[in-house]
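A.B. asks: For reference, the sequence and a predicted model appear below.
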Amino acid sequence: MKLGFIGTGKITSSVVTGICRSKISFKKIILSPRNRNVAKRLQRQFKRVSIAKNNQEIINSCSWIFLAITPTVGQKIIKNLKFKVGQTIVSFISTMTLPQLKKAIKVKATIVRAIPLPPISLKKGPVPMFPPNKKVKNFFNKLGTTIEISNEKLSKNFWSTSGMMAPFYELLSTMSNWLVKRGVKKDKAQKYITSLFVALSQDAVVNSNKDLKHLVKESQTSKGLNEQGVRELRKAGFYRATEKTLNSILKRLNKV
Ligand SMILES: NC(=O)c1ccc[n+]([C@@H]2O[C@H](COP(=O)([O-])OP(=O)(O)OC[C@H]3O[C@@H](n4cnc5c(N)ncnc54)[C@H](OP(=O)(O)O)[C@@H]3O)[C@@H](O)[C@H]2O)c1
């Protein structure tokens with residue numbers, strides 16, 4: 001199986017790295033020449049990665065095509081490419097809907113939208129996809145945790161929550177800098193904060209069949225530090241602000 005990527009930016013770099021570190025069986029990965037620096041780096045890093053001359057060459061030689069360009073570029077270039085009947089086309093493009101993709105692709109192909117996130121390079125993280133498709137699901141399950149969505153409108157909600165990655169890292173950075181201001185060496189502070197949050201996240205995954213409120217409760221003791229932490233942040237509107245931000249990200253996505 002040859003896998004082709006149109007658009008070689010941040011998300012292609014993460015997905016290709018994940019694939020090359022995974023058990024996915026493939027013959028070759030062919031990248032579009034843009035961005036040249038990212039494509040060259042991936043080619044140097046992984047034996048089975050090569051760079052095509054142009055986007056059409058990728059479509060002509062691959063059975064699976066990943067669309068990893070921005071929505072503006074997608075609207076402009078997809079309609080001018082000649083796809084093959086029966087190809088599997090996975091679009092990462094945030095705001096192009098399935099009907100829009102079908103119209104631009106024109107031929108009868110399997111078209112799936114997926115939203116992988118950068119930790120896919122570590123073979124971790126959720127991959128919401130629409131519509132459900134067994135082949136594509138099995139593929140992404142080797143790279144992370146696939147979440148099949150049966151209604152396209154719902155996918156926007158998942159996309160909104162992915163806008164919380166930078167705020168999450170900002171929280172880690174704030175806590176780490178707080179330790180540094182109190183005299184802790186930066187490397188120690190960062191090591192402490194990142195291993196604390198990886199442990200908490202792992203615990204949350206293990207317990208994800210229960211209501212997450214259970215963990216909020218379990219991690220507090222009466223009059224303890226965590227009780228104070230969650231009470232004061234609640235009072236300051238930290239969690240209300242989180243929900244408000246999710247709403248406004250969703251509102252923006254609904255406008256597109
Ligand atoms: N980053 C994420 O976490 C993430 C996650 C899921 C989905 N997505 C979606 O995936 C898409 C790509 O996101 P990204 O973050 O990877 O963006 P990005 O880093 O800006 O990558 C886009 C790439 O498209 C290339 N490009 C521009 N015009 C092209 C053309 N005519 N033909 C082929 N390639 C062309 C750009 O090359 P130049 O640099 O040479 O212009 C760039 O390398 C977006 O629709 C985004 O919404 C992103």
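C.D. replies: Noted; the coordinates are in hand. Numbering: from 1, shown residues only.

A.B. asks: Report pLDDT for the closest residue to the ligand within the stretch 151-256 of the chain.
C.D. replies: Residue nearest to the ligand within the stretch 151-256 of the chain: S162 (6.8 Å; Cβ to the nearest ligand atom). C-beta coordinates here come from the backbone N, C-alpha and C atoms, glycine included. Looking at S162, its pLDDT is 91.

A.B. asks: That one - that's part of a helix, no?
C.D. replies: Yes: counting by DSSP: H, G, I helix; E, B strand; the rest coil, S162 falls inside a helix.

A.B. asks: just checking, what's the longest helix in the chain?
C.D. replies: helix 186-206 (DSSP state H).

A.B. asks: by contact count, what packs against it?
C.D. replies: helix 165-181 (3 or more Cβ pairs under 8 Å, 6 or more residues apart in numbering; DSSP states H and E).

A.B. asks: Identify the residues contacting the longest helix of the chain?
C.D. replies: Applying Cβ atoms under 8 Å, 6 or more residues apart in numbering, the contact partners of helix 186-206 are L172, M175, S176, N177, L179, V180, V184, L212, L215.

A.B. asks: Is it possible to get CSV of those that adds neighbour count?
C.D. replies: Below are those laid out as CSV (neighbours: other Cβ atoms under 10 Å):
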residue, neighbour count
L172, 14
M175, 17
S176, 20
N177, 15
L179, 16
V180, 15
V184, 16
L212, 10
L215, 16
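
A.B. asks: just those now: which is nearest N138?
C.D. replies: For these, the minimum distance to N138 (Cβ to Cβ) is 28.0 Å, reached by L212.

A.B. asks: Switch the contacts of helix 186-206 over to a markdown table; also include distance to L122 and pLDDT.
C.D. replies: Below are the contacts of helix 186-206 laid out as a markdown table (distance: Cβ to Cβ, whole Å; pLDDT from 0 to 100):
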| residue | distance to L122 | pLDDT |
| --- | --- | --- |
| L172 | 16 | 98 |
| M175 | 22 | 98 |
| S176 | 20 | 98 |
| N177 | 25 | 98 |
| L179 | 25 | 98 |
| V180 | 26 | 98 |
| V184 | 27 | 98 |
| L212 | 23 | 95 |
| L215 | 23 | 96 |
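
A.B. asks: Okay then, goodbye and thanks.
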